[in-house]
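# how would this look folded up:
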Amino acid sequence: METELNKKAVRTLYEHILNTRKFDDLEKVVSPDYLNAQGDKGIDGFAKSVMVFAHAFPDATWTIKEIIAEGNKVFVKHKVEGTHRGVFQNIAPTQKHIEGRRDGYLQIKS
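Predicted coordinates for the structure are as follows:
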């Protein structure tokens, strides 16, 4: 049961929050203990990086390719696509379509 709830939380993040830009709902799935690569913490730290990306690629959509879960660990394989229409990492908009794939583990905090 815990495994299915954790998968559901990940699906909610990608399909409901990211793809529909309902960033106010991040508090439902992002832990206050979250820490990103730049050292930003909590929901605000997660939101900061997501919103920067969403601004640069306003039509970005995330597609989950695979979810594997065991206990409080979830592995997600996803694809993101969008058009570069805003400044991203100091790169001026190119109007080019991008596609990225990523595999990664998420740890679900109880």
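
# look up how far E81 lies from G39.
G39 is 28 Å from E81, where distance means Cβ to Cβ, to the nearest Å. For glycine as for every other residue, the C-beta is placed from the backbone atoms N, C-alpha and C.

# ugh, wrong one, F23
Taking Cβ to Cβ, one finds F23 at 19 Å from E81.

# same check on D103?
Distance from D103 to E81, by Cβ to Cβ: 16 Å.

# so these two - more neighbours on which side?
Between D103 and E81, counted using other Cβ atoms under 10 Å, E81 has the larger neighbour count: 15 against 10.

# how much space between that one and H16?
To H16, E81 is 18 Å away according to Cβ to Cβ.

# with P32 instead?
Separation of P32 from H16 (Cβ to Cβ): 20 Å.

# and I43, what element?
helix 42-56 (DSSP states H and E).

# and that helix, what other elements does it pack with?
Contact partners of helix 42-56 among helices and strands, from 3 or more Cβ pairs under 8 Å, 6 or more residues apart in numbering; DSSP states H and E: none.

# in it, what counts as buried?
Across helix 42-56, burial judged by 16 or more other Cβ atoms under 10 Å covers 42-43, 45-47, 50, 53-54, 56.

# again with stretch 13-24
Going by neighbour count (16+ other Cβ under 10 Å), the buried part of stretch 13-24 is 13-14, 17-18.

# tell me which two in those residues are the farthest apart.
Pairwise distances across those (Cβ to Cβ) peak at 7.5 Å, for the pair Y14 and I17.

# ranges for the helices of the protein?
Using DSSP state H, the helices of the chain run over 2-11, 42-56.

# for those, could you give me CSV that also reports mean pLDDT and distance to E66?
Converted to CSV, the helices of the chain look like this (pLDDT from 0 to 100; distance: least, Cβ to Cβ, whole Å):
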stretch, mean pLDDT, distance to E66
helix 2-11, 91, 11
helix 42-56, 92, 21
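
# can I get those helices in JSON lines including distance to A92?
Shown next, in JSON lines, are the helices of the chain (distance: least, Cβ to Cβ, whole Å):
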{"stretch": "helix 2-11", "distance to A92": "33"}
{"stretch": "helix 42-56", "distance to A92": "10"}
